[in-house]
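**Student:** Dropping the sequence and predicted coords here.
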Amino acid sequence: MFQLRICGVRSWCRIAAHPACPVHNFRSKSTAASSTVVEPLMHTKGSSQGEDPVNTMPYSGAKRGSFTQVKPLLGNVFTEDGFLQAALRRMVPKEILDKFTPDLVRFGHRVASEIESLGRACEEDPPKHQPYDAWGNRVDELITCDAWKRQKQISAEEGIVAIPYERSYGTWSRVYFAAKLLLYAPSSGLYSCPLAMTDGAAKFFQIHDGNWAAQKAKAFPRLTSRDPNTFWTSGQWMTERGGGSDVADGTDTRAIRQADGSYKLYGYKWFSSATDSDMTLTLARIVDESGEFTKGTRGLSMFYLETKGADGKLNGIEIHKLKDKLGTRQLPTAELLLDGAVAHLVSEEGRGVASITPMLTITRIHNSIAAVGGMRRMLHFARDYATKRTAFGKRIIDHPLHIQTLARMEVETRGSILLIMEIARLLGLEENNLATKHDMQMMRILTPITKLYTAKQSISVASEGLESFGGQGYIEDTGLPSRLRDSQVLSIWEGTTNILSLDVLRSITKTKGETLQAFFADIQTRMDNIKTQDQLLITTMKKIHQAKADLMTFVQSASTQEPIFMEVAARDFAYSLARTYIGALLVEHAAWAESSQVDVTVASRWCEKDLCPVTLLTLVCAAGSDKNDGISHDQCEIFALKRLENQWPLIDPTEMDLITLKWINHI
């Protein structure tokens, strides 16, 4: 009798001539929690059953065989995140935490049981643009799925935007909001994006008063409403064809004043996410009676615009096209022509860019929370899958290398959770007028650091997470690939990594170094307040002190260089600040009375990485290297093939090698 055997190690099937074959005679016992191969005996012709072996093969005809993969399941996303719960217990006073924890428990279940499937439906049924009706009339109808509309209702009911403005929990309302958004964003089908801009618009109206009281009275209650029937979302239409982050020189939209005091806008908005929003804030240049306008930053003013008129038709807006994007396909992002859109001035003339700053703080914090939420969700799925998937004779969670990979992702996620919770705490203090000067300086420098770091790490964790599912991570209908695609936007929206790195430098120079002094003082204070006898934690603390000292040495060395040096170093400098500060937060958490040895290990593992990569440039400074060598070297690497076009000075290959060698020797 011959039996069909499937080798547990090799990828091909083999007929074993003897049932006792020690290598290939596997009879796997399946369980409900694992996906294994169950091997029915395949009788040959002439056996007692008298069956044709071809017809009884497991993959013959319509038979699919016995092998299936087990889908990872999503449980209560709050109760199954022990670290988030611990972070909240450490940060938030018990009497406050006890009040909003039941809501997080309830919401964690709702995310898993209802919202997650809605988010997936948004991905499968993306928005569509219908420019004309059947009779040739221009209608510009934006068609979104029912799941997208349901997300708007849910976000209103849950108070995702309302919580920090209700302030039911004082300064801790923003921490509560951050925890809830962390749970919601990965399942929102990107509805977290319009919510970010809605929060930004609400913040704008909350802190800005002027001759726009009527617009504020109408918009603010709707932006912060819990009633789905009255809740508004807001867009943020800043980017035009000329511009990304450079709105000062890239904005060309003109505003013409009308007799009733309103304005009509004429321009072309290149990226307008949340195109289906109820209102938007946008920049434009006011044209005077002679047709003149002011260029640059001083010519930009902020305008409030409702997307539809009383008749339900678009307000002087023509949807040119929906963007065909790498990810965030659930979210309607369009190119819009403003052709006489009625708008109202909601800033002082020429103060539009200054008005953006509070909005940017909010949207960048939203971006950071969404990034960390995506990291946690990928780990949630990967962890569950690892307990079910069997490979090479055992569950993949029992393979040491696989569990090491997941552990590294967990360390990165925990550090990022503490970072976003700290920035949320600072924002809560600021919004309740309880922030000290130190708090304000920390929020100024930490906001761009948090946004740039969490965005990049979210992409890394999403990519690593896909690998943990093997081939299934690459299959669209699992819903996993979209998580990687969607994460890529996080390092682009609201400032790329380089733009934010330069913003970190700007925060230092504009305060004459006070933000950086506050940063170093904050780390020192946290370390000084730790009392521990744990030798591993003491060793880890020494690494934080060393990283801080290295950063201070770098800053001193850089101060003797020309400004271009710090610009080149900005990215590594921002990363060094992020890694060192997260390390301090993890050490502080590990020293908490209710922490576990796992927390100590996590802090230790974080500090095993290079906390201060920018110190390599410190060595270059000390060696007296000409800063232009590095810039020239970078140019040679990138534009070597274009030198014949005289785009860069021709450099002899030998000279290029000498430049490379010089840098290697210095480093």
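**Tutor:** All right, it came through fine. As the structure is a prediction and not an experimental result, all values here were calculated from the model.
**Student:** Quickly find the element holding the residue lying closest to residue 150 once chain neighbours are set aside.
**Tutor:** Spatially, and ignoring its direct neighbours in sequence, residue 150 is nearest to residue 118 (5.6 Å; CB to CB, 6 or more residues apart in numbering). In this view, the C-beta of every residue, glycine as well, is placed from N, C-alpha and C. Following DSSP states H and E, one finds residue 118 within helix 116-124.
**Student:** Could you list every helix and strand in contact with the helix or strand just after that helix?
**Tutor:** The helix or strand immediately downstream of helix 116-124 is strand 128-132, counting by DSSP H and E. Helices and strands touching strand 128-132, by 3 or more CB pairs under 8 Å, 6 or more residues apart in numbering; DSSP states H and E, are strand 138-143, strand 317-322.
**Student:** Single out the most deeply packed of those.
**Tutor:** strand 317-322 (a mean of 18; mean count of other CB atoms under 10 Å).
**Student:** for that one, packing partners?
**Tutor:** Using 3+ CB pairs under 8 Å, 6+ apart: strand 317-322 touches strand 128-132, strand 138-143, strand 333-345.
**Student:** related to what we said a few turns ago, give me the distance from the helix holding residue 118 to the chain's centre.
**Tutor:** Relative to the centre of its chain, helix 116-124 is centred 18 Å away, using CA atoms, centre = their mean, to the nearest Å.
**Student:** got it, and stretch 277-293?
**Tutor:** 31 Å.
**Student:** Quick check: pLDDT value at residue 270.
**Tutor:** What the model reports as pLDDT for residue 270 is 91.
**Student:** Could you give me the buried positions within the strand or helix carrying residue 152?
**Tutor:** Using DSSP H and E, residue 152 sits within helix 146-157. If you call a residue buried by 16 or more other CB atoms under 10 Å, then helix 146-157 has these buried ones: 147, 148, 150, 151, 152, 154, 155, 156.
**Student:** ok, now stretch 246-263?
**Tutor:** Taking 16+ other CB under 10 Å as the criterion, stretch 246-263 shows 247, 248, 250, 251, 252, 253, 254, 255, 263 as buried.
**Student:** related to what we said a few turns ago, any idea which of the buried residues of helix 146-157 is the one closest to residue 138?
**Tutor:** residue 148 (23.5 Å; CB to CB).
**Student:** pLDDT weak spots in the stretch 301-450 of the chain?
**Tutor:** Low-confidence segments of the stretch 301-450 of the chain, defined by pLDDT under 70, are absent.
**Student:** Please apply the same query to the stretch 151-300 of the chain.
**Tutor:** 243-245.
**Student:** coming back round to it: between helix 146-157 and the helix holding residue 118, find me the angle.
**Tutor:** Between helix 116-124 and helix 146-157, the angle comes out at 130 degrees (axes from the mean of the first three to the mean of the last three CA atoms, to 10 degrees).
**Student:** May I see the buried residues of helix 116-124?
**Tutor:** Quick answer for helix 116-124 (16+ other CB under 10 Å): 116, 118, 119, 120, 121, 122, 123.
**Student:** now these as a markdown table including pLDDT?
**Tutor:** Formatted as a markdown table, the buried residues of helix 116-124 follow (pLDDT from 0 to 100):
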| residue | pLDDT |
| --- | --- |
| 116 | 98 |
| 118 | 98 |
| 119 | 98 |
| 120 | 97 |
| 121 | 98 |
| 122 | 98 |
| 123 | 97 |
